[in-house]
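J.: Okay, predicted coordinates and the sequence, questions at the end:
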Amino acid sequence: MFREMRRFRQAVSRDECEKILREEKRAVLSVNGDDGYPYAVPINFLYDDGKIYFHCAKAGHKLDAMLQDDKVCFTVHDSGYRKDDWSYYVTSVVVFGRARVMDDDTEMREKIKRFGMKYYPTEQEVDEEIRKDAARVNFVEITIEHMTGKLVHEK
């Protein structure tokens with residue numbers, strides 16, 4: 001169903017993909033937007049228990065697109081490193097999956113808390129943000145159907 005990676009010699013392991021998903025803080029979510037145009041937007045995210053989580057508004061382009069078609073593409077890359085010259089070695093991860101708005105309040109609050117702890121310096125700040133804003137957002141879970149990772153030497 002999914003294409004194999006053409007440059008398979010540059011493939012990285014699933015463990016390396018998961019490490020990047022756990023550690024990196026920004027990604028790009030792509031959905032099938034209005035009139036069939038792709039819609040890609042940078043997001044903060046959490047990788048936990050083999051799934052990807054993020055928040056979105058209760059209304060908007062991203063949510064409308066996911067409710068219309070739950071298939072998404074999620075892309076993240078590390079900051080890379082240099083060896084002997086000016087060029088970078090960058091590892092990217094591309095995920096294909098299905099997105100759903102979470103409806104179990106207990107599960108959602110637990111994931112929101114974990115999400116917050118990835119970005120905020122203290123648990124107290126996370127709890128305050130949840131208290132203020134949790135009712136105003138949707139929390140979305142991506143179930144991964146296919147994932148590839150690749151190390152690229154950017155010259």
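T.: Ah, there it is. Numbers count the residues shown, from 1 in each chain.
J.: what's the neighbour count on residue 113?
T.: By the criterion of other CB atoms under 10 Å, residue 113 has 16 neighbours. (Each C-beta comes from the backbone N, C-alpha and C, glycine too.)
J.: Mind telling me what element it is part of?
T.: For residue 113, the element it lies in under DSSP states H and E is helix 105-119.
J.: Would you mind getting the angle between whatever helix or strand comes next after that helix and helix 105-119?
T.: Proceeding N to C from helix 105-119, the next assigned helix or strand is helix 123-133, under DSSP H and E. Relative orientation of helix 123-133 versus helix 105-119 (axes from the mean of the first three to the mean of the last three CA atoms, to 10 degrees): 130 degrees.
J.: ok now helix 123-133, how far from the chain's centre?
T.: The chain centre lies 22 Å from the centre of helix 123-133; the measure is CA atoms, centre = their mean, to the nearest Å.
J.: same for the longest strand along the chain, what does it pack against?
T.: Longest strand of the chain, by residue count under DSSP state E: strand 137-154. Secondary-structure packing of strand 137-154 (3 or more CB pairs under 8 Å, 6 or more residues apart in numbering; DSSP states H and E): helix 14-23, strand 51-57, strand 88-101, helix 105-119.
J.: remind me which residues of this protein are low pLDDT?
T.: For the chain, the stretches with pLDDT under 70 are 155.
J.: ok, 90 please
T.: For the chain, residues meeting the criterion pLDDT under 90 lie at 1-11, 81-88, 105, 133-136, 152-155.
J.: just to revisit the earlier point, centre of the chain to the helix holding residue 113, how far?
T.: With CA atoms, centre = their mean as the basis, helix 105-119 stands 15 Å off its chain's centre.
J.: In stretch 60-76, which residues have enough neighbours to count as buried?
T.: Burial within stretch 60-76, assessed by neighbour count using 16 or more other CB atoms under 10 Å, is assigned to 62, 63, 65, 66, 70, 72, 73, 74, 76.
J.: circling back to that earlier point, which strands and helices lie in contact with the helix holding residue 113?
T.: Checking 3+ CB pairs under 8 Å, 6+ apart, helix 105-119 ends up next to strand 38-44, strand 46-48, strand 51-57, helix 123-133, strand 137-154.
J.: Adding distance to residue 6 and mean neighbour count, write those out as CSV.
T.: Output for the helices and strands packed on helix 105-119, formatted as CSV (distance: least, CB to CB, whole Å; neighbours: other CB atoms under 10 Å):
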stretch, distance to residue 6, mean neighbour count
strand 38-44, 20, 13
strand 46-48, 25, 22
strand 51-57, 24, 19
helix 123-133, 41, 13
strand 137-154, 10, 17
